[in-house]
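Engineer: here are the coordinates; sequence isn't available:
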């Protein structure tokens, strides 16, 4: 499954890719966000290690239940 835009990126498509990720994250829908990651993803949050989509969903649910005004803002600093 591809999620355009795909590399190689221009400045415009790199910014578009970052905005798409930001928009998905800010839906605050853990299941939707988790689908952007592979089933065997490993995240680290401080001393906690999160393995796979199910744990990502559980982590984001806990996070967003605490952080009611959380909003992700992404910026492109560089691209190849």
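Structural biologist: Alright, I've got the coordinates. Please read all numbers here as calculations on a predicted model, not as lab measurements.
Engineer: Sketch out the low-pLDDT regions of this protein for me.
Structural biologist: Scanning the chain for pLDDT under 70 picks out the ranges 1, 80.
Engineer: Spell out the residue ranges of the helices in it.
Structural biologist: For the chain, helices defined by DSSP state H occupy the ranges 11-25, 30-34, 52-66.
Engineer: Deepest-packed of the ones you listed, please.
Structural biologist: helix 30-34 (a mean of 16; mean count of other CB atoms under 10 Å). (Glycine included, C-beta is placed from N, CA and C.)
Engineer: What is it packed up against?
Structural biologist: Applying 3 or more CB pairs under 8 Å, 6 or more residues apart in numbering; DSSP states H and E, we find helix 30-34 packed against helix 11-25, helix 52-66.
Engineer: Would you convert those into CSV that also reports distance to residue 72?
Structural biologist: Compiled in CSV, the helices and strands packed on helix 30-34 are given as follows (distance: least, CB to CB, whole Å):
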stretch, distance to residue 72
helix 11-25, 4
helix 52-66, 11
